[in-house]
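Enquirer: Quick one: sequence and predicted model below, then my questions.
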Amino acid sequence: MANTPRKTTDAQRDAEQELPGPMVVLRHARDQLAELTGMTTESVSSFERTEEGWVLEIEVLELARVPDTMSLLASYEVQLDPRGELTGYRRLRRYERGRSEPRGTGRQ
């Protein structure tokens, strides 16, 4: 028997085409979090596609200080639906820019 290609319905094809790729989701998540919190997003330190959509960890500048190494940053967990729309966020931790985590305390 020859392998027959799997047929994709028009609805499945349309749904797949409407879903944004990772880079679009990352940029949009940063913009949405910044707009909601009024804080400057610095970077995305992790992201994962899940059954419900996306989960990201975004680093945010919470309080600028002089010198800059004393500024307060925070890591936020951000949840998004499959289309990249923000559905929730929460602060995970707060830290000074110049400080690193002690060994073995990073998220797994």
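Expert: Arrived safely, thanks for sending.

Enquirer: What's the local residue count around residue 41?
Expert: 19 (other C-beta atoms under 10 Å). C-beta here means a position set from N, CA and C on the backbone, and glycine is covered the same way.

Enquirer: any idea how far it is from residue 84?
Expert: 15 Å (C-beta to C-beta, to the nearest Å).

Enquirer: Any stretches of this protein with poor pLDDT?
Expert: 1-17, 101-108 (pLDDT under 70).

Enquirer: how about 90 then?
Expert: 1-19, 98-108 (pLDDT under 90).

Enquirer: tell me, what residue is most central in it?
Expert: residue 56 (2.8 Å; C-alpha atoms, centre = their mean).

Enquirer: which ones are touching it?
Expert: 25, 26, 29, 44, 46, 47, 48, 77, 78, 80 (C-beta atoms under 8 Å, 6 or more residues apart in numbering).

Enquirer: need the strands for this protein, in chain order.
Expert: 40-49, 54-63, 72-80, 86-96 (DSSP state E).

Enquirer: In TSV: the contacts of residue 56, plus distance to residue 18 and neighbour count.
Expert: What follows is those, written out as TSV (distance: C-beta to C-beta, whole Å; neighbours: other C-beta atoms under 10 Å):
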residue	distance to residue 18	neighbour count
25	13	22
26	18	19
29	17	25
44	22	18
46	25	11
47	19	16
48	20	10
77	25	15
78	21	22
80	14	25
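
Enquirer: by how many degrees do the biggest helix by length in the chain and strand 86-96 diverge?
Expert: Secondary structure of the chain per DSSP state H: the longest helix is helix 22-37. On the basis of axes from the mean of the first three to the mean of the last three C-alpha atoms, to 10 degrees, helix 22-37 is oriented at 80 degrees to strand 86-96.

Enquirer: which residues are contacting helix 22-37?
Expert: 20, 39-41, 44, 47, 49, 54, 56, 58, 60, 76, 78, 80, 84-86, 89.

Enquirer: Residue 68 reaches residue 97, doesn't it?
Expert: Yes: taking contacts as C-beta atoms under 8 Å, residue 68 lies within contact range of residue 97: 6.3 Å.
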